[in-house]
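Enquirer: Provide a 3D model corresponding to the input given below.
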Amino acid sequence: MAEEQTGNGAAAAETTGGAQFAVQRIYIKDVSFESPNAPQVFAEQEQPKLQLNMAQTVNRVGEDTFEVVLTVTVTCTIGEKTVYLVEIKQAGVFLASGFDERNLDYVLATQCPAIIYPYARQTVSDLIQGGGFSPFYLQPLNFDALYQENLRRRAEQQAGDGAAAPEAGNA
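Expert: Below is the predicted model:
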């Protein structure tokens, strides 16, 4: 019976190093669907244009407890007309203890949104289809790659700020 496991193997693996990570709750914090030009927009023949925006916020709600909110906004337009606008704030409460600052930042910026993003994807898809429009599926995202890109941009900005400071002093 060596194949049997008791409890959550992933959680147990993370606790052996002294760090703990757990999902406490996943929920919708806010949701909105608007189709201000319906029903006239259903007769439009032009190709719609889609715009996707995402943002993430992290709030400490306890000593080792964090709320991560992923805001996803999808705007569909034809010309100047808004076909539909969907916005969801999908949130989760996570326990994260025993991490150093660097690893805590990584977990909150990658693991937490990766856990709540599928819920946001499903809700966005359901709202658009429920609004009478063709299904729209948000593509999966690699939050690790997004995090690395964000770190790279921060480093470039800091290098740029550091290089600009001496020039300002010389002027």
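Enquirer: residue boundaries of the strands in the chain?
Expert: 20-34, 49-60, 65-78, 81-97 (DSSP state E).
Enquirer: any chance of the ones you listed in JSON lines, with distance to residue 150 too?
Expert: Heads up, the C-betas are built off the backbone N, CA and C, glycines and all. Below are the strands of the chain laid out as JSON lines (distance: least, C-beta to C-beta, whole Å):
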{"stretch": "strand 20-34", "distance to residue 150": "20"}
{"stretch": "strand 49-60", "distance to residue 150": "10"}
{"stretch": "strand 65-78", "distance to residue 150": "14"}
{"stretch": "strand 81-97", "distance to residue 150": "19"}
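Enquirer: which one of these lies nearest to residue 145?
Expert: strand 49-60 (13.6 Å; C-beta to C-beta).
Enquirer: any idea which residue sits dead centre in this protein?
Expert: residue 70 (3.8 Å; C-alpha atoms, centre = their mean).
Enquirer: averaging pLDDT per element, find the lowest-scoring helix or strand in this structure.
Expert: Using mean pLDDT, DSSP states H and E, the weakest-scoring helix or strand in the chain turns out to be helix 9-15, at a mean of 42.
Enquirer: residue 111 against residue 19, yeah?
Expert: No: taking contacts as C-beta atoms under 8 Å, residue 111 lies outside contact range of residue 19: 11.6 Å.
Enquirer: what is in contact with these two at once?
Expert: Residues touching both residue 111 and residue 19 (C-beta atoms under 8 Å, 6 or more residues apart in numbering): none.
Enquirer: bridging residues for residue 70?
Expert: Residue 70 has these beta-bridge partners by DSSP bridges: residue 56, residue 90.
Enquirer: roughly how far apart are residue 102 and residue 40?
Expert: 53 Å (C-beta to C-beta, to the nearest Å).
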